[in-house]
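Got a predicted structure here, sequence first:
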Amino acid sequence: MQSSGILVFVETSGGAARATALELFGAAAAVQAVLGPVTALVVGHGIAPAVEQVAALGPDRVLVVDDPHCAHPVAAVMARAVLTAWDVVQPALTLLPSTTLGRDVAALVAARHGVPHFADIVALDVTSEQFVATRPVYQSKLLTTVRASRTRPAVATIRAGTYRVPEPRGQQARVEDLAVAFSPADQRARVTRMVEKPRGQVDLENAPVVVVGGRGVGGPEGFAQLAELAELLGGALGCTRAVSDLGWRPHAEQIGQTGKQVRPRLYLGVGVSGAVQHTVGMQGSETIVVINRDPNAPLVKMADFALIADWNEVVPRLIARLRERRGR
Amino acid sequence: MKIVVLLKEVPDPNAVRYDPRLGDLVPGIQRVANEYDLYALEAALRLREQVGGEVVVASVGPARDALNRALAMGADRAVTLEGEALPGDAWTTARALVAWLQREQPDVIWCGQETSDSGTGNVGPAVAAQLDLPLVSNVVGWEFRDRVFEIEREIEDGHQFQEVAPPVVLCALSALPQPRLPTLRGIMDARRKPVERLTAADLGLSDDALQPLVQWEGLSQPVAKAAGVVVQDVPPDEAVERLLTFLESRGLLG
């Protein structure tokens, strides 16, 4: 018999749900007519705010694992929580955010059950016969379609920005605690410490706006202005490989082939020429804006709006105007 | 210590071009070792230099050039798992690797975080799940002391440090030390190193066990965007106003 229903894994950070995890409810809504009820699984420690956020979105059921074992994102521990919820719900489809944790957990859970994991997908369709997913391949240069029969359940991780968070509903969902037995094997990898990002900094891969500086910025000093611009636009700061290789910015901010893949609503490139090694990491961006002196830079051809100018002349003005608008 | 590195040969990511008529990559793109896998290999070689033992590189599907490169960099021996059903999908690949790894019983399995072609990142975790080993992904630094790894990981909220003892599966990112270049001596030595070819049958795997879970279809190009606005030779103040108007019109100023 075909299983039914959707299990949504809500990843939390600092007690709140990650935005990408809330977007999963948009994905669930799109396939709910075929697959049936939506069960949310909220996992972490001290996650009352996340539970409230999720319950307001109106899933049919909310399972909560609020446990000190889950204080840190560790794949095996979170996978145990998902496997336990799986036994309770017997879902046809399990959705996770395409984050570092989500992808690890999805792959572990799928392998335990011998079912497919559609990794990092940008579209999902489900019929009574099959799952059909679209996913970027070749470092997001190309797309492909992946199919699997509905004779088995499936797991999918969904790329940030693919679906919108649904509007909160009037009624609150039923909330239940889920008891999970963590085995010593689940705790073989143990978190010893965490070096957090500076506060107020938006997580690059999930940021709605990404401001990126390239070699054309000319040195590490210019990035202070770009960071301010990113903050004013409610986004995160990124860089190209040239910039991180030169040591102007840390590797963690690098976007492209050997760095992060981003797909923000707005990508703003400053002094970025647009080598393929970089563009594979950002070409899924919804709107691309470029500030560059060189009208022939490859990124200018990709841009929705290109400003051919010396960034030193426009970025300070842009910052001043945005500050005015924000009343600062 | 026995250290295994999982290596995949992929179309050179810098040469990947799409042929819309074929609905596929242009033919004849050179195949190279997946970049993250070479970072994994470099980490494995450094670990061997510290604690001794051997480094074995393994590939599912033919990967002659990539494995030769790995041997020239310093790996001790190479294994390819070949057969009609291979490489198949990530599940099939993992099944074949698991059957082989159960024979080898390595202490550490290093792999790249994901490949530059299909890039599912599924194989490392699937191997860990099937062998019931701990998995540590997104590795950007490591130390091995008193038989325990301290691993530095790059994750969304910052840098996380985990302690884990072998056996373990580790997935490498490119913030690790750069892969060494093969030396002339290394290239000469590589010719004398063993390369083992195993089929699914050698591993006791039936065709049934290697059935893929998913079917992949052809490739397509993301929809090209209409040409955008280019503002040139405009005084900076006016240029900034035009940019703000544009951002406003797209609802990007909140």
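Okay, I see it. Numbers count the residues shown, from 1 in each chain, chains lettered A, B, ... in the order given.

which residues in chain A form helices?
Here chain A has its helices, by DSSP state H, at A:19-35, A:48-56, A:75-89, A:100-113, A:223-232, A:241-245, A:276-279, A:298-302, A:311-325.

nearest to chain B, of those helices?
For the helices of chain A, proximity to chain B was assessed by Cβ to the nearest Cβ; helix A:100-113 is nearest, at 3.4 Å. To be clear about C-beta, it is placed using only N, CA and C from the backbone, and glycine gets the same treatment.

Please name every helix or strand in contact with that closest one.
Applying 3 or more Cβ pairs under 8 Å, 6 or more residues apart in numbering or on different chains; DSSP states H and E, one finds that helix A:100-113 contacts strand A:6-13, helix A:75-89, strand A:93-97, strand A:117-121, strand A:154-158, helix B:123-131, strand B:135-145, strand B:148-155.

Let's have those in a markdown table, adding mean pLDDT, mean neighbour count and distance to residue B:116.
Listed next are the helices and strands packed on helix A:100-113 as a markdown table, based on pLDDT from 0 to 100; neighbours: other Cβ atoms under 10 Å in any protein chain shown; distance: least, Cβ to Cβ, whole Å:
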| stretch | mean pLDDT | mean neighbour count | distance to residue B:116 |
| --- | --- | --- | --- |
| strand A:6-13 | 97 | 26 | 26 |
| helix A:75-89 | 98 | 22 | 23 |
| strand A:93-97 | 98 | 29 | 22 |
| strand A:117-121 | 96 | 26 | 14 |
| strand A:154-158 | 97 | 28 | 18 |
| helix B:123-131 | 98 | 25 | 14 |
| strand B:135-145 | 97 | 20 | 16 |
| strand B:148-155 | 96 | 19 | 18 |
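
Redo these as a markdown table? Include distance to residue A:187.
As requested, these are exported to a markdown table (distance: least, Cβ to Cβ, whole Å):
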| stretch | distance to residue A:187 |
| --- | --- |
| strand A:6-13 | 19 |
| helix A:75-89 | 7 |
| strand A:93-97 | 21 |
| strand A:117-121 | 23 |
| strand A:154-158 | 23 |
| helix B:123-131 | 15 |
| strand B:135-145 | 13 |
| strand B:148-155 | 14 |
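
hang on, the earlier thing: ok, and which of the helices of chain A has the densest surroundings?
Between these, helix A:100-113 has the highest mean count of neighbours, a mean of 26, where neighbours are mean count of other Cβ atoms under 10 Å in any protein chain shown.

what pLDDT, on average, does that helix get?
Across helix A:100-113, the average pLDDT comes to 97.

How about stretch B:204-218?
Rounded mean pLDDT across stretch B:204-218 is 92.

and it, C-alpha only, in PDB?
Only the C-alpha atoms of stretch B:204-218 are listed here, as PDB (Å, rounded to 0.1, in the frame of the first residue of the first chain):
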ATOM      1  CA  GLY B 204      28.800 -10.400  -4.500                       C
ATOM      2  CA  LEU B 205      26.300  -7.900  -5.700                       C
ATOM      3  CA  SER B 206      23.400  -8.900  -7.900                       C
ATOM      4  CA  ASP B 207      21.900  -6.700 -10.600                       C
ATOM      5  CA  ASP B 208      18.800  -6.400  -8.300                       C
ATOM      6  CA  ALA B 209      20.900  -5.000  -5.500                       C
ATOM      7  CA  LEU B 210      22.200  -2.300  -7.900                       C
ATOM      8  CA  GLN B 211      18.800  -1.100  -9.200                       C
ATOM      9  CA  PRO B 212      18.800   2.700  -9.100                       C
ATOM     10  CA  LEU B 213      16.100   4.400  -7.100                       C
ATOM     11  CA  VAL B 214      15.700   7.300  -9.500                       C
ATOM     12  CA  GLN B 215      15.800   8.000 -13.200                       C
ATOM     13  CA  TRP B 216      17.700  11.000 -14.500                       C
ATOM     14  CA  GLU B 217      16.500  12.800 -17.600                       C
ATOM     15  CA  GLY B 218      18.300  15.000 -20.000                       C
END
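
I'd like to know which helix or strand in chain A has the lowest mean pLDDT.
Here the helix or strand of chain A ranked lowest by mean pLDDT, DSSP states H and E is helix A:276-279, holding a mean of 85.

How about that helix and chain B, any contact?
Yes. Judged by Cβ under 8 Å from any Cβ of the partner chain, helix A:276-279 comes into contact with chain B at A:276-277.

need the strands for the stretch 151-254 of chain B, in chain order.
B:158-164, B:168-172, B:195-199, B:215-220, B:229-232 (DSSP state E, counting those that start in this stretch).

List the buried residues in the third one.
Yep, that's strand B:195-199 we're talking about. Buried residues in strand B:195-199, defined by neighbour count with 16 or more other Cβ atoms under 10 Å in any protein chain shown: residue B:198.

Kind regards, and thank you for your time.
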